[in-house]
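need a structure here:
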Amino acid sequence: MPQNIPANLLVETLAARTLDLLDEGVQTPILLIDGRSASGKTTLAAALQQVLFKQGETLPRVVHMDDLYEGWHGLQAGHDLLLRSVLLPVAARRRANWQEWDWALEQRNQWREFDGGTPLIVEGCGSLSRQTAELAHLSAWLEVPEQERQRRWIQRTGHDHDEWWPIWAAQELDFYAKENSVELAQLISIED
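Okay, the predicted model is just below:
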């Protein structure tokens, strides 16, 4: 059953649990941070990376789902790439190799790799599914009211009306209904 954590304690809670995993000998703890668009996943991942680097003296690798999606219609494809090319190899202690999506060119472009040995933080919509949850050591779901998420989206994109918001939101609804991602999360942070 998921544990509710206040937003202001989430970074410290995830960091403490990750450091405990490292102390227990888990070489590459896998952390998944999911939630609807503009719920604060990227901000949380960056803050967590900094805290872990400072306290654990190892720089965690952050993978952004934005780099895995195949454009605005690619949430499911991004999830599938994450599972196949990143999480399954890392869980098997093999090198992960994946090609990032270039939004300007609208194609896969630059290759990335990760050999493990440090925490892996994956943040983004579609990172937490039934399959990925089995490979993760920690998972968090961020819940933010839709009006606040839309305000953040507009602030980020600079457009009052964005044609992509409803297209992306529909994919999120489908994915989360199919995967029950919020129920898979170990930690839930609800922002009022």
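
so what's the residue most central in space within the chain up against?
Compute the mean C-alpha point of the chain, and by Cα atoms, centre = their mean the closest residue is residue 123, 1.6 Å away. Contact analysis of residue 123 by Cβ atoms under 8 Å, 6 or more residues apart in numbering lists 32-34, 41-42, 44-45, 62-65. Using the backbone N, CA and C atoms, a C-beta is placed for each residue, glycine as well.

swap the cut-off to 7 Å and go again
Going by Cβ atoms under 7 Å, 6 or more residues apart in numbering, residue 123 touches 33, 41-42, 44-45, 62, 64-65.

Relative to residue 147, how far out is it?
22 Å (Cβ to Cβ, to the nearest Å).

any weak-confidence spans in this protein?
Scanning the chain with the threshold set as pLDDT under 70 gives 159-161.

which pair in the contacts of residue 123 spans the largest distance?
Maximum pairwise distance in the contacts of residue 123, criterion Cβ to Cβ, is 13.2 Å, between 44 and 65.

Please identify which of the two sits among more neighbours.
A direct count of neighbours by other Cβ atoms under 10 Å for residue 44 and residue 65 places residue 65 higher, at 24 against 21.

Determine the number of other residues adjacent to the residue lying closest to the more buried one once chain neighbours are set aside.
Among residues not flanking residue 65 along the chain, residue 124 sits closest, at 2.3 Å (Cβ to Cβ, 6 or more residues apart in numbering). Neighbourhood size, residue 124 [other Cβ under 10 Å]: 25.

can you pull the contacts of residue 124?
Contacts of residue 124 (Cβ under 7 Å, 6+ apart): 41, 64-66.

Nearest to residue 79 among these?
residue 65 (7.8 Å).

in terms of contact, does the closest one touch residue 126 like I think?
Yes. If you go by Cβ atoms under 7 Å, residue 65 and residue 126 touch, sitting 5.9 Å apart.
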